[in-house]
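**Student:** here is my input; please provide its structure:
(one chain, ligands or ions: 2)
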Amino acid sequence: MGVGRKGKTRDGAGRGEGNGTLGSVGQLITTSPEETEAVAARLGARVGPGDLLLLVGELGAGKTTFVRGLARGMGVAGQVMSPTFQLVRVYPGSVPLAHVDLYRLGQGADLADLDLDGLLDAGVVAVEWGDRLEASEDAVQVVIEPLDQRRRRLILGGPNGWSW
Ligand SMILES: Nc1ncnc2c1ncn2[C@@H]1O[C@H](COP(=O)(O)OP(=O)(O)O)[C@@H](O)[C@H]1O
Ligand SMILES: [Mg+2]
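**Tutor:** Ligands and ions are numbered 1, 2, ... in the order given. Below is the predicted model:
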């Protein structure tokens, strides 16, 4: 199954100036967890219901750190921790954030039981190990690449118009 909003049209949130290129990709480099959080918080201020973010990167890349910043930017309540032993956590807010971790599910996970579509109706869904989810092309992908101990390359890919 796939989740996401095919053909969704919603003004504003998440859309930066962009360069107008289909599937536009932007990248930047952070040099501390605080900086990664800040970048994520900036994005968090621009997301809205129906937005699906897939976080991709190895263990320790900074996926949970990113979600922590995203949550702060969205203004949702609750402490963001690694949900590795809990598939989904929902942080309440005017727009709730569902934090999903597919680490324990492996490739091609069957997500029928997760009701991600339901969560997506009301809020934002951020998925760690998002490359394991079969999602629609409307999903936003954030790839986090460790360059050294403190530096991370953050690559944003997805539907037209998304940018840092
Ligand atoms: N620039 C950076 N961005 C994010 N995390 C960083 C950065 N530099 C160092 N770190 C560290 O890397 C680790 C990332 O952990 P975490 O966010 O749990 O990763 P993941 O969820 O991808 O496994 C943390 O210990 C964090 O302090
Ligand atoms: Mg994590």
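
**Student:** my guess is E37 contacts A71. True?
**Tutor:** No: in this structure, E37 sits apart from A71 without contact. The criterion is CB atoms under 8 Å, and the distance is 9.5 Å. C-beta: built from backbone N, CA, C; applies to glycine.

**Student:** now do the buried residues in the helix or strand of the chain with the lowest mean pLDDT.
**Tutor:** For the chain, scoring each helix and strand by mean pLDDT, DSSP states H and E identifies helix 116-122 as the least confident one, at a mean of 85. Within helix 116-122, the residues that count as buried by 16 or more other CB atoms under 10 Å are L116, D117, L119, L120.

**Student:** wait, what's in contact with T36?
**Tutor:** Under the criterion of CB atoms under 8 Å, 6 or more residues apart in numbering, the neighbours of T36 are T30, G62, T65, F66, G69, I144, R152, L154.

**Student:** can you give me the helices for this structure?
**Tutor:** Remark: helices of the chain, listed N- to C-terminal, are 33-44, 63-74, 116-122; assignment by DSSP state H.

**Student:** what separates V95 from L119, distance-wise?
**Tutor:** Between V95 and L119 the distance is 11 Å, computed by CB to CB, to the nearest Å.

**Student:** swap in E58?
**Tutor:** When E58 is compared with L119 (using CB to CB), they lie 26 Å apart.

**Student:** how about low-confidence regions in the chain?
**Tutor:** 1-25, 83-84, 107-113 (pLDDT under 70).

**Student:** got the residues of it near ligand 2?
**Tutor:** Counting by CB under 5 Å from the ion, the residues of the chain close to ligand 2 are K63, T64, S82, E128.

**Student:** if we can go back for a sec, looking at the helices of the chain, which is nearest to L87?
**Tutor:** For the helices of the chain, the distance to L87 is smallest for helix 116-122, at 10.4 Å, taking CB to CB.

**Student:** pull out the buried residues from stretch 156-164.
**Tutor:** Counting neighbours by 16+ other CB under 10 Å, one finds that the buried residues in stretch 156-164 are L156, G157, G158, P159, W162, S163.
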